[in-house]
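Student: Requesting a structural model of the entry that follows:
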Amino acid sequence: MRHKGHKSYLQFSYVLCFLHSSQVTFTINFTARNFLKLSSTVQLCTRLSCDLTRRMKSSSLEAKPKVIVIGGPTGVGKTKISIQLAKLLNGEIISADSVQVYHKLDVGSNKPSIEERSGIVHHLIDIVEPSYEFSAGEFFQRAREATESILSRNKVPIVVGGTSMYVRWYIYGLPATPPATDSVADHVSAVLEELGGNWNLAMELLEQLDPVRATKICRNDWYRLRRALEIYYATGKPLSELPLQGGAPNPKKLLHGRLLNDLDYDFRCFFLVAPRKELNRYIDWRCERMIAQDGLLKEVFELLYKGELSKDSSAGRAIGYRQTIEYLTNRETNAMEQFMNYLRDFQNASRQYARRQLQWYRGEELFHWVPVEIFSNNISYVDPIQYIMHWFSASSEQYEESINRRIDATIREISLSQGREMKTYTPELVLFQDQILINSTVQEARYFQTKLKEV
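Tutor: Below you'll find the predicted structure:
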């Protein structure tokens with residue numbers, strides 16, 4: 001479904017150069033209104049698949065197996081593209097999403113449906129209950145086990161998801177974080193007590209000690225804030241500066257004197273990026289859709305009513321679920337104002353999450369930034385399927401050269417400049433312009449709130 005502003009595309013013009021397998025450099029000029037005049041995706045992908053087979057047979061295979069990693073801000077279309085790739089490459093998908101791991105958290109996590117997953121094996125979706133504290137360390141272990149399983153069946157692992165820390169650690173290994181000790185934990189508790197348990201003051205402290213980690217923690221996620229402070233006070237360093245287990249290079253130093261062969265797989269990494277204003281419009285509309293059409297309120301109500309979801313759990317602190325729990329357990333009497341505040345908080349948190357994802361991946365040098373257009377059935381700019389297939393079939397030397405040449409530098413710069421323009425962004429209602437829809441939604445929410453009072 002398109003929102004009402006879908007035609008107001010930003011001009012997104014730039015030149016993208018890439019090194020083709022023939023060693024000829026092609027230049028493609030993009031705009032948001034002038035789509036690429038390329039042969040069909042099927043024809044090109046077939047040709048690239050044949051080229052891949054030919055290369056593999058003629059080069060006695062490279063030592064390390066290839067793994068595709070796809071990141072991108074929320075709402076950019078990672079799920080659709082990863083499923084298409086899996087069908088073309090005989091691949092299986094490993095979800096790198098910290099919320100999709102939970103059973104019954106379907107709407108708020110934007111989990112791919114059973115129909116979407118049909119025919120493609122998905123790993124790390126629906127594997128734990130909402131009350132379980134699923135960690136990045138456990139993700140690393142399970143994702144790496146899934147990778148080996150996929151490769152053992154001669155299939156292509158495709159890691160896809162928006163949880164930035166999961167993706168980083170999957171590629172580079174876990175940081176060598178010390179276990180929490182009683183003395184460090186007591187010190188952190190004393191520090192927080194001196195701050196009067198004030199969240200804003202605690203975050204100001206963390207921003208001084210570990211500014212990178214501070215941008216990744218959602219409001220009132222005391223568990224992760226405490227852990228970040230414990231790591232700093234135990235090591236004297238922020239999490240981002242700790243060495244990685246197994247000797248993998250620090251991501252920030254990967255291309256400065258360290259070779260890609262320090263990594264244990266031949267990672268082909270892609271970050272999908274769309275025009276910022278259009279992406280924000282889509283995120284706002286998707287939040288409305290989750291509430292008005294997809295049943296987010298009902299999903300959260302049922303989990304709360306059955307005692308399967310808590311506001312203090314990792315699942316309950318996730319964007320969408322945290323705001324909905326607060327709304328349904330709120331005792332305020334102004335129903336309409338309460339609902340509109342809930343909607344705005346949900347939308348704002350989702351947009352801010354997308355902004356943090358973009359900021360994070362600017363420091364990930366191993367990724368190609370791939371420009372996509374999110375409101376058309378025809379993927380424009382550069383077709384991400386064609387682009388990823390091209391670089392998947394390239395040799396390790398070609399891929400490493402493309403990274404060293406920073407062929408996506410212009411795309412990154414444009415995205416950064418668009419981010420500055422978002423300081424004046426103004427949200428607009430789409431579905432909830434309909435007063436009848438608002439009234440019926442508020443009425444449903446009031447019923448859920450009344451029922452929860454009985455628990």
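Student: Okay, and the beta partners of the residue lying closest to Leu89 once chain neighbours are set aside?
Tutor: With C-beta to C-beta, 6 or more residues apart in numbering as the criterion, Leu89 has its nearest non-adjacent residue at 4.5 Å, and that residue is Val156. Placement of C-beta: from N, CA and C, glycine included. Judged by DSSP bridges, the bridge partners of Val156 are Gly91.
Student: what's the burial count for Ser396?
Tutor: Neighbourhood size, Ser396 [other C-beta atoms under 10 Å]: 15.
Student: thinking again about what came up before, go ahead and confirm the residue nearest to Leu89 touches Gly91.
Tutor: Yes: between Val156 and Gly91 a contact is recorded at 3.7 Å, counting by C-beta atoms under 8 Å.
Student: Could you check the pLDDT of the residue sitting nearest the centre point of the chain?
Tutor: Residue closest to the average C-alpha location in the chain (C-alpha atoms, centre = their mean): Gly162, at 1.1 Å. Gly162 is assigned a predicted lDDT (pLDDT) of 90.
Student: does it really touch Gly77, like I thought?
Tutor: No: taking contacts as C-beta under 8 Å, Gly162 lies outside contact range of Gly77: 11.4 Å.
Student: Val370 - that's part of a strand, no?
Tutor: Yes: assessed with DSSP: H, G, I helix; E, B strand; the rest coil, Val370 lies in a strand.
Student: Would you mind checking the average pLDDT for stretch 287-303?
Tutor: With pLDDT averaged residue by residue, stretch 287-303 scores 98.
Student: all strands for the stretch 101-250 of the chain, in order.
Tutor: Remark: strands assigned in the stretch 101-250 of the chain by DSSP state E, counting those that start in this stretch are 122-123, 156-160.
Student: Can you list the buried residues in the last one?
Tutor: What it means is strand 156-160. Residues 156-160 are the ones in strand 156-160 that count as buried (16 or more other C-beta atoms under 10 Å).
Student: Run the chain-centre distance for the helix or strand harbouring Leu85.
Tutor: Counting by DSSP states H and E, the element that carries Leu85 is helix 78-89. For helix 78-89, the separation from the chain centroid amounts to 16 Å (computed by C-alpha atoms, centre = their mean, to the nearest Å).
Student: mind exporting it as PDB, just the C-alpha atoms?
Tutor: Only the C-alpha atoms of helix 78-89 are listed here, as PDB (Å, rounded to 0.1, in the frame of the first residue of the first chain):
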ATOM      1  CA  LYS A  78      15.400  -6.500   3.700                       C
ATOM      2  CA  THR A  79      13.000  -9.400   4.000                       C
ATOM      3  CA  LYS A  80      11.700  -9.300   0.400                       C
ATOM      4  CA  ILE A  81      15.100  -9.000  -1.100                       C
ATOM      5  CA  SER A  82      16.700 -11.800   1.000                       C
ATOM      6  CA  ILE A  83      13.900 -14.200   0.100                       C
ATOM      7  CA  GLN A  84      14.400 -13.400  -3.600                       C
ATOM      8  CA  LEU A  85      18.100 -14.000  -3.300                       C
ATOM      9  CA  ALA A  86      17.600 -17.300  -1.400                       C
ATOM     10  CA  LYS A  87      15.400 -18.600  -4.200                       C
ATOM     11  CA  LEU A  88      18.000 -17.600  -6.900                       C
ATOM     12  CA  LEU A  89      21.100 -18.900  -5.000                       C
END
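Student: Now render the buried residues of strand 156-160 as a markdown table, adding distance to Val99.
Tutor: Formatted as a markdown table, those follow (distance: C-beta to C-beta, whole Å):
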| residue | distance to Val99 |
| --- | --- |
| Val156 | 25 |
| Pro157 | 21 |
| Ile158 | 19 |
| Val159 | 16 |
| Val160 | 14 |
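Student: now, among the residues you listed, which is nearest to Thr147?
Tutor: The nearest member of the buried residues of strand 156-160 to Thr147, counting by C-beta to C-beta, is Pro157 at 4.7 Å.
Student: on that earlier part again, leaving out sequence neighbours, find the closest residue to the residue nearest to the centre of the chain.
Tutor: Nearest residue to Gly162, sequence neighbours excluded (C-beta to C-beta, 6+ apart): Thr74, at 5.4 Å.
Student: go on, Asn220?
Tutor: Leaving aside its chain neighbours, Asn220 sits nearest to Trp199 (5.9 Å; criterion: C-beta to C-beta, 6+ apart).
Student: Equivalent analysis for Ala146, please.
Tutor: Nearest residue to Ala146, sequence neighbours excluded (C-beta to C-beta, 6+ apart): His123, at 4.1 Å.
Student: quick one: that neighbour and Gly91 touch, right?
Tutor: No: His123 lies out of contact with Gly91 (C-beta under 8 Å); the separation is 11.2 Å.
Student: what touches both of the two?
Tutor: Shared contacts of His123 and Gly91 (C-beta atoms under 8 Å, 6 or more residues apart in numbering): Ile150.
Student: circling back: give me the common contacts of Val156 and Gly91.
Tutor: Each of 68, 150 lies in contact with both Val156 and Gly91 under the rule C-beta under 8 Å, 6+ apart.
Student: which residues of the stretch 301-450 of the chain score low on pLDDT?
Tutor: Within the stretch 301-450 of the chain, the stretches with pLDDT under 70 are 374-381.
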